[in-house]
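**Student:** sequence first, then the predicted structure:
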Amino acid sequence: MPPEIIACLAPDEKVVWSGQPRPYVFILRGLPNLAYGVTWGVLGAFWYHAAGGIGKYSAFTGWWKLTPLFSVPFIAVGLSFFFYPIRLGALARRTWYVVTDRRFFIAQIGCLLRGNDPPRLRVFSTEEIAPPVVQKRSGGLEDVILTKRALANPHLVPRLDAGFFGIEKGEEAVRAIQALAKRLSEK
């Protein structure tokens with residue numbers, strides 16, 4: 001595990017299980033956004049083209065020549081949607097799932113743009129946790145869904161903070177989580 005995550009542990013806290021998701025699992029989650037990206041980008045490009053662009057061929061005079069620039073936010077939003085799957089794949093490379101002898105959490109190490117920010121931790125509380133459910137994926141990967149909210153809505157795709165997604169040994173994670181839950185309930 002990266003030293004940034006190890007620094008988040010208490011001095012006598014021991015890691016029982018850790019894993020990292022496969023990026024393609026996160027990328028698949030973002031693929032529907034490509035349709036939105038194309039739609040918004042084409043809308044912005046159409047607006048720019050219909051307004052005649054900027055320059056001597058513009059259909060507007062005076063300050064109205066800036067009208068084609070109103071298409072820039074639509075094009076920017078389209079690019080944002082278009083590159084969302086790539087951003088999710090990069091997020092997967094910076095995400096770690098950790099089960100210790102005291103807690104279990106999702107840790108995300110900051111990106112290069114944020115500098116030396118500490119990792120963002122998504123610590124699961126005992127109130128929000130349901131018995132873990134393992135869902136098999138094609139390719140031998142597994143998802144471990146942990147939250148009551150995700151299990152109460154099986155018709156929805158669970159959010160990425162609702163469990164451990166795209167890991168190789170989901171059963172090991174479940175055993176570690178159940179052992180921790182048993183230890184915490186005995187206290």
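**Tutor:** Cool, got the structure. Numbers count the residues shown, from 1 in each chain.

**Student:** and the next helix or strand past the longest strand anywhere in the chain?
**Tutor:** Identified as the longest strand of the chain according to DSSP state E is strand 129-136. Remark: after strand 129-136, the chain's next helix or strand is strand 142-147, criterion DSSP states H and E.

**Student:** that following strand: what's the following helix or strand?
**Tutor:** Using DSSP H and E, the first helix or strand after strand 142-147 is helix 148-152.

**Student:** quick one: mean pLDDT over that next one.
**Tutor:** Helix 148-152 shows a mean pLDDT of 86.

**Student:** next, the buried residues of that helix.
**Tutor:** Using 16 or more other Cβ atoms under 10 Å as the test for burial, helix 148-152 gives 150, 151. (Each C-beta comes from the backbone N, C-alpha and C, glycine too.)

**Student:** got the CA coordinates for it in CSV?
**Tutor:** Output of helix 148-152 as CSV, limited to C-alpha atoms (Å, rounded to 0.1, in the frame of the first residue of the first chain):
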residue,chain,number,x,y,z
LYS,A,148,-28.0,-0.9,3.4
ARG,A,149,-28.9,1.8,0.9
ALA,A,150,-27.4,0.0,-2.0
LEU,A,151,-29.0,-3.3,-1.1
ALA,A,152,-32.4,-1.7,-0.5
